[in-house]
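Trainee: predicted model follows, preceded by the sequence.
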Amino acid sequence: MNNTMNIIRKVQFDFDNEALEVLKANEEWSEYQRNKEALQKELESKLEKIDPKLKSELRELIDLYTSVECVELEIYFAKGFKEGVRFLKDCL
């Protein structure tokens, strides 16, 4: 019984540590989103003051960058998911 309690405590401790890491990552993601939105507003403000043709080209570049950014996030989350599954398998 004592051994079982020790195992349960270790799993709980490991889970709590992982949960803290997830919360930290969530906070970092929220900060990233806030910064991105602020920069987007600033960029939109600046775009209003430039030539329409250049404005169109800049929007295309922004769209391309956003697409690349989404692919990077998909890779990041896929890797995180695999690590989470591995962690859970190790706990069991």
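Mentor: Arrived safely, thanks for sending.

Trainee: centre of the chain to stretch 50-57, how far?
Mentor: With CA atoms, centre = their mean, to the nearest Å as the basis, stretch 50-57 stands 31 Å off its chain's centre.

Trainee: from the chain's centre, how far out does the host helix or strand of L43 sit?
Mentor: For L43, the element it lies in under DSSP states H and E is helix 2-47. Taking CA atoms, centre = their mean, one finds the center of helix 2-47 at 8 Å from the center of the full chain.

Trainee: sec struct for the closest residue in space to E18 that isn't next to it in sequence, please.
Mentor: Excluding the flanking residues, the one nearest E18 by CB to CB, 6 or more residues apart in numbering is F87, at 6.1 Å. For every residue, glycine as well, the C-beta is placed using N, CA and C. Judged by DSSP: H, G, I helix; E, B strand; the rest coil, the three-state class of F87 is helix.

Trainee: ok, F87 touching E21?
Mentor: No: using CB atoms under 8 Å, F87 makes no contact with E21, being 10.1 Å away.

Trainee: and the residue nearest the centre of the chain?
Mentor: Among the residues of the chain, W29 comes closest to the average C-alpha position under CA atoms, centre = their mean, at 4.9 Å.

Trainee: what's the distance between that one and N35?
Mentor: 11 Å (CB to CB, to the nearest Å).

Trainee: shared neighbours of these two, anything?
Mentor: Common neighbours of W29 and N35, counting by CB atoms under 8 Å, 6 or more residues apart in numbering, are absent.

Trainee: chain center to the helix or strand harbouring V68, what's the gap?
Mentor: Element membership for V68 (DSSP H and E) is helix 52-91. Averaging C-alpha positions (CA atoms, centre = their mean) puts helix 52-91 8 Å from its chain's average.
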